[in-house]
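A.B. asks: Generate a structure from the sequence data that follows.
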Amino acid sequence: MQHKIKLRPNEVKDFVSAASKCAFDVDISYNSFIVDAKSIIGVLGLNFNQILTVAYNGYDAEFEKFLGKFAVAV
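C.D. replies: Predicted structure coming up:
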C-alpha cells in the first residue's frame, strides 16, 4: 500500500510511534530518498516541505486511521 501524506516536524514522534506498532515494515520517502518510518532520526531527516509517500505491505486498521489525518490529494 502507498499513501501520500504531509507531515510537520512536531508530528514526527506520533507518526513514528504509530508506525512502530505495525507488525510489518513501513517506509517513508520522497523522490529517491527512502527511510524506515520506525526510525525517528530517519524521519526527522526528511524534507517536510515535500509530499511524502508512506509504503508498506500489510494492514493495520489503527495505522490506516492514523494516516488519514495526514493524507493529501495528489
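A.B. asks: Give me the below-cutoff pLDDT ranges for this structure.
C.D. replies: Nowhere does the chain drop to pLDDT under 70.
A.B. asks: where exactly do the helices run in it?
C.D. replies: In the chain, the helices defined using DSSP state H lie at 12-20, 40-44, 61-68.
A.B. asks: any idea where the strands of this protein begin and end?
C.D. replies: Secondary structure of the chain (DSSP state E): strands located at 2-5, 26-30, 33-36, 52-56.
A.B. asks: With mean neighbour count and distance to residue 46 added, can I get those strands in TSV?
C.D. replies: C-beta: built from backbone N, CA, C; applies to glycine. Putting the strands of the chain into TSV (neighbours: other CB atoms under 10 Å; distance: least, CB to CB, whole Å) gives the following:
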stretch	mean neighbour count	distance to residue 46
strand 2-5	14	11
strand 26-30	19	7
strand 33-36	15	7
strand 52-56	18	6
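A.B. asks: re the thing from before, mind giving me TSV with the helices of the chain and columns for distance to residue 50 and mean neighbour count?
C.D. replies: Formatted as TSV, the helices of the chain follow (distance: least, CB to CB, whole Å; neighbours: other CB atoms under 10 Å):
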stretch	distance to residue 50	mean neighbour count
helix 12-20	14	17
helix 40-44	13	16
helix 61-68	16	13
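A.B. asks: mind checking which of the ones you listed is nearest residue 2?
C.D. replies: Distance to residue 2, taken as CB to CB, is lowest for helix 61-68 among these, at 10.5 Å.
A.B. asks: That closest one packs against which elements?
C.D. replies: Using 3 or more CB pairs under 8 Å, 6 or more residues apart in numbering; DSSP states H and E, the elements in contact with helix 61-68 are helix 12-20.
A.B. asks: if we can go back for a sec, out of the strands of the chain, which comes closest to residue 67?
C.D. replies: In terms of CB to CB, the element of those nearest to residue 67 is strand 2-5, at 5.1 Å.
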